[in-house]
Structures are given as structure tokens and as C-alpha cells.
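Q: Sharing a sequence plus its predicted fold:
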Amino acid sequence: MSNKGKENLEHPAGKKPLSPKLRFPEFHCAPAPMPPLSSVAKFVSKKIEAANLSRAQYISTENLLPDFGGAARAAKLPSVPAATAFQPGDILVSNIRPYLRKIWRSATHGGASNDVLVIRAGAATFSGYLSAVLCTDSFISYAMRSAKGVKMPRGDITAIRAFPVFLPPLAEQKKIADCLSSLDELIAAEAQKLDALKSHKKALMQQLFPRESEAVPRLRFPEFQGPGGLNKTTLGRISLRIAAGGTPSTSERSYWGGEHRWMCSGELNHKRVYDVQGRITEEGLRSSSASVVPARCVLIGLAGQGKTRGTVAMNMVPLCTNQSIAAIFPNGAIFDSDFIYHNLDSRYDELRSLSAGGGGRGGLNLEIIKNLGIILPSLPEQKKIADCLSSLDDLVRAQSQILETLKAHKKALMQQLFPSPDEVPA
């Protein structure tokens with residue numbers, strides 16, 4: 001190959017050679033070309049009979065997990081006769097909606113659907129390194145720039161083949177891959193701790209709160225054990241008020257951008273709500289069925305076919321809500337708001353099953369919430385239960401922060417180890 005041809009291979013379209021901001025000292029001066037992906041890896045086309053695959057071996061866009069989360073067991077096998085064969089070390093890339101970041105380095109043999117690219121590292125490329133390259137913002141941004149379609153954008157394979165890969169020597173590739181793999185192992189270990197905390201809390205709630213068919217919880221603190229002390233009632237009887245919110249007309253600009261916080265049902269997943277994105281004016285408040293909800297109300301999602309319906313939260317500041325949220329106004333003489341929050345949070349599946357409509361496909365309503373039964377212990381016992389579960393919530397939040405910090409550290413490190421997304425030529 002001529003020197004000119006070699007330059008074009010290493011630095012596509014005559015672009016200035018790129019270099020990462022961070023390299024290991026021993027490789028600082030080593031040359032690192034930028035060849036296209038197709039020259040350092042093979043796009044596998046070999047097929048395997050679908051009849052020879054199990055659900056554990058089949059990979060499609062549906063069971064590749066977003067945000068580089070790996071792969072789940074397939075819900076079903078393909079109806080087509082063949083799938084693209086993959087082997088351990090191959091990198092599987094969902095070519096539908098690249099922004100979902102569904103990329104997985106396989107540890108097994110199997111078959112992939114036609115919408116999954118199977119990429120195999122070449123002799124000069126370490127598989128773990130190439131996987132890291134394809135899991136960068138650089139690659140995702142590049143794939144999206146050439147994607148076709150609006151609702152279901154599909155990556156352009158010709159453009160993906162041309163993606164410029166920063167290719168240092170194999171020894172450096174392996175060191176980079178080992179560094180990132182160590183971080184992945186640490187992230188996985190911290191994620192397991194978080195899952196263990198969440199599982200522990202869930203199991204404890206199942207013991208501290210009676211199940212639907214039970215009148216007494218399976219676990220009580222010693223000072224509250226013995227007969228009596230439990231009152232079977234409904235939320236409607238013990239609450240000062242249970243009400244849904246409202247939405248001012250979106251076509252009237254004077255109703256929006258004011259001083260009142262306005263919460264939509266999607267923000268229930270914050271659980272402890274300290275602030276929301278929406279704001280309405282005093283005029284907007286008066287023009288709708290919305291009202292100011294005082295701090296420490298228990299909020300329940302009334303509608304939504306996704307996870308929102310039945311989701312429970314608590315507003316830690318005064319705010320207004322839309323009509324898809326019911327607010328249980330606090331009554332400190334009878335119940336502890338944190339106790340009600342934890343009790344209802346443990347009954348997510350029950351709340352969804354109570355939804356009006358055939359097969360629970362409708363929504364909750366205020367009457368269902370008001371008539372919801374609850375076993376209410378004394379205020380001191382309520383507070384002790386709530387404090388116990390709130391302490392676990394604090395541990396979960398702290399562990400979640402550790403996990404997010406590690407993920408942010410890895411992302412920042414990758415931005416240093418690979419060229420910036422803005423520098424990669426289109």
C-alpha cells in the first residue's frame with residue numbers, strides 16, 4: 001500500500017489525527033492510527049439455524065438491555081429459520097434506536113436477530129478494547145448522526161463500518177480494557193449491594209405490614225407485641241382530605257411560569273419530592289381544579305399504563321399536582337405520614353390490581369383510594385416502623401449515590417481515554 005493510501009486509512013477524509021487526552025505513560029509516544037471499524041473488525045454474516053437455539057442463546061433488540069446493561073433471557077425464539085451466529089468475545093450492537101445504548105460483549109455462543117450487528121475483533125484488535133470503544137458516547141453519537149427514520153431510527157451500516165477507531169498498540173488496548181473492566185467489576189459489586197438493600201427493605205415491609213388477607217403483621221417491635229393496639233380502618237376515615245389535582249389550560253400562557261410548583265405524575269418516581277419542573281401562576285391555579293397541597297402529603301399515581309399508576313411518593317414542599325395524582329392530606333392526630341407512605345409503597349401491586357377497568361387496565365380513582373383498608377397501629381408504633389424503613393431508605397439513597405458516582409467516574413475516564421465525540425469526523 002502506498003504511503004498516501006496508508007494515510008487515508010489511518011486518518012479518514014484527510015482529518016487531523018486524533019489523540020485522547022489521557023494515555024498511560026509507557027505508551028505516550030506510541031503511534032495510534034484511526035482506521036475505519038471495518039478494517040479492524042469483521043461484521044459477521046454467518047447464520048445458525050434458529051431451531052438449534054435456546055431462549056438463553058438468542059439475542060434480539062428486545063432482550064438487549066439499554067445503557068450497556070447486558071442481555072436478558074429472550075421471551076421467545078424467532079419465527080425466521082436462521083439467526084446471525086455469534087461466539088464468545090463478539091460484540092452485539094442493536095441497530096434499532098442506537099441512542100438506547102444496547103451493546104453487549106458476549107460470553108457465549110448463540111444467534112442474533114437481523115437488527116443486531118455482530119462485530120468480531122480482528123487480529124490487531126483486542127476484543128475487550130473494541131467493546132469499550134463501541135460503548136463510548138463517540139460511537140453512539142456517530143451512529144445517531146447517520147441513522148435513518150424518526151420513530152425507530154436505524155443505524156446506517158455503511159456509516160458504522162466507516163467509524164474511525166482509535167487504535168493504539170495491543171498492549172495499550174489491553175491495559176485500557178483491563179482498567180475499565182476493573183471499574184465495571186466495582187460497579188457491579190456496588191450494584192449488588194444496592195439490590196440487596198432494596199430486597200431487604202421489601203422483605204421487611206412484607207413483615208411489618210399485614211398482607212391483604214391478614215389482620216396482624218407478622219413482625220412487631222417487642223414493646224408493641226400482644227393483643228390489641230391495631231385499628232382496622234380506611235384511608236378515607238383517617239385523612240383530613242383526599243383530592244386529585246388539575247391542569248390549567250396549556251393554551252393560556254398567563255397560567256404558566258408562575259410561583260406555584262406544579263407536579264406531573266411522571267415525577268412520582270422521585271419518591272421524596274423536593275422540587276418539580278412545572279410552575280403555574282396564581283391565575284392558573286384559580287382557573288383549574290388544582291389546589292395547593294401542603295408538605296408531607298402522601299401522593300398516589302391514579303393513571304398510566306406504565307409503572308406510574310399505583311406509584312407512591314411524598315411531597316416534602318408545598319406544591320400543586322395534575323389530575324392524575326391523588327393527595328392524602330396529613331392528619332397528625334391519627335397517623336404518621338411516613339407510616340402511610342411506607343405502607344402504601346409496599347402495596348404497589350395491590351393498588352394496580354384495584355384499578356378500575358377490565359383486568360386492571362383502567363385507572364385508580366378517589367373512591368378506590370378512600371375505601372382502601374389499612375391496619376393502623378398506635379402513633380408510637382407507626383413512628384417506630386416509619387423510622388426503621390426511612391433509615392433503610394437513607395442507606396439505599398447513599399448506596400445509589402456511590403453507584404452513580406462510580407458510573408460518572410467511568411464515563412469521565414472513557415472521555416479521557418478515547419477521542420472526544422465532537423472530534424470524530426462524520
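A: Great, that's in hand.

Q: and Leu364, how many neighbours does it have?
A: Close neighbours of Leu364, defined as other CB atoms under 10 Å, add up to 25. Where C-beta positions appear, they are placed from N, C-alpha and C, glycine not excepted.

Q: Quick check: it touching Gly310?
A: Yes - with contact defined as CB atoms under 8 Å, Leu364 and Gly310 form a contacting pair (6.8 Å).

Q: Between those two, which contacts overlap?
A: Common contact partners of Leu364 and Gly310 (CB atoms under 8 Å, 6 or more residues apart in numbering): Ile300, Gly301, Leu351, Ser355.

Q: from those residues, which ones fall inside helices?
A: Members of these lying in helices (criterion: DSSP state H): Leu351.

Q: which of the shared contacts of Leu364 and Gly310 has the most neighbours?
A: Counting neighbours by other CB under 10 Å, the top entry in the shared contacts of Leu364 and Gly310 is Ile300, with 29 neighbours.

Q: doesn't Phe209 make contact with Leu230?
A: No - applying CB under 8 Å as the test, Leu230 and Phe209 come out as separate, 11.3 Å apart.

Q: Which one's more surrounded, these two?
A: Neighbours per residue, other CB under 10 Å: of Leu230 and Phe209, the larger number sits with Phe209, 22 against 17.

Q: Dump the shared contacts of Leu364 and Gly310 to JSON lines, plus distance to Asp387 and pLDDT.
A: Formatted as JSON lines, the shared contacts of Leu364 and Gly310 follow (distance: CB to CB, whole Å; pLDDT from 0 to 100):
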{"residue": "Ile300", "distance to Asp387": "22", "pLDDT": "97"}
{"residue": "Gly301", "distance to Asp387": "26", "pLDDT": "96"}
{"residue": "Leu351", "distance to Asp387": "24", "pLDDT": "92"}
{"residue": "Ser355", "distance to Asp387": "31", "pLDDT": "77"}
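
Q: quick check, nearest of the shared contacts of Leu364 and Gly310 to Glu190?
A: Gly301 (29.3 Å; CB to CB).

Q: what's the distance between that closest one and Phe209?
A: 20 Å (CB to CB, to the nearest Å).

Q: for the strand ranked longest in the chain, the distance to its chain's centre please.
A: Secondary structure of the chain per DSSP state E: the longest strand is strand 256-263. Centroid separation between strand 256-263 and its chain, computed with CA atoms, centre = their mean, to the nearest Å, is 27 Å.

Q: hey, what's the nearest residue to Gly257 once chain neighbours are set aside bridged with?
A: Spatial nearest neighbour of Gly257, excluding adjacent residues (CB to CB, 6 or more residues apart in numbering): Arg279 at 5.5 Å. Counting by DSSP bridges, Arg279 is bridged to Arg261.

Q: contacting residues around Arg279?
A: Counted by CB under 8 Å, 6+ apart, Arg279 has contacts Trp256, Gly257, Gly258, Glu259, His260, Arg261, Trp262.

Q: do the same with Val165
A: Contacts of Val165 (CB under 8 Å, 6+ apart): Met34, Pro35, Pro36, Leu37, Val40, Ala41, Thr125, Leu130, Val133.

Q: what do you get if the cut-off is 10 Å, keeping everything else the same?
A: Val165 sits next to 32-41, 125, 129-130, 133-134, 138-139, 418-419, 424 when contact means CB atoms under 10 Å, 6 or more residues apart in numbering.

Q: Then Ser19?
A: Ser19 neighbours (CB under 10 Å, 6+ apart): His28, Ala32, Met34, Phe166, Pro168, Pro419, Glu423.

Q: gap between it and Ala398?
A: 38 Å.

Q: got any ranges where this structure has weak pLDDT?
A: 1-18, 304-305, 356-362, 420-426 (pLDDT under 70).

Q: re the thing from before, in helices, which of the contacts of Val165 appear?
A: Using DSSP H, the subset of those located in helices is Leu37, Ser38, Ser39, Val40, Tyr129, Leu130, Val133, Leu134, Ser138, Phe139.

Q: Of those residues, which is the nearest to Ser182?
A: Distance ranking of the ones in helices among the contacts of Val165 against Ser182, using CB to CB, places Tyr129 first at 14.0 Å.

Q: quick one, what contacts the closest one?
A: 40, 121, 165-168, 170, 172-178, 180, 417.
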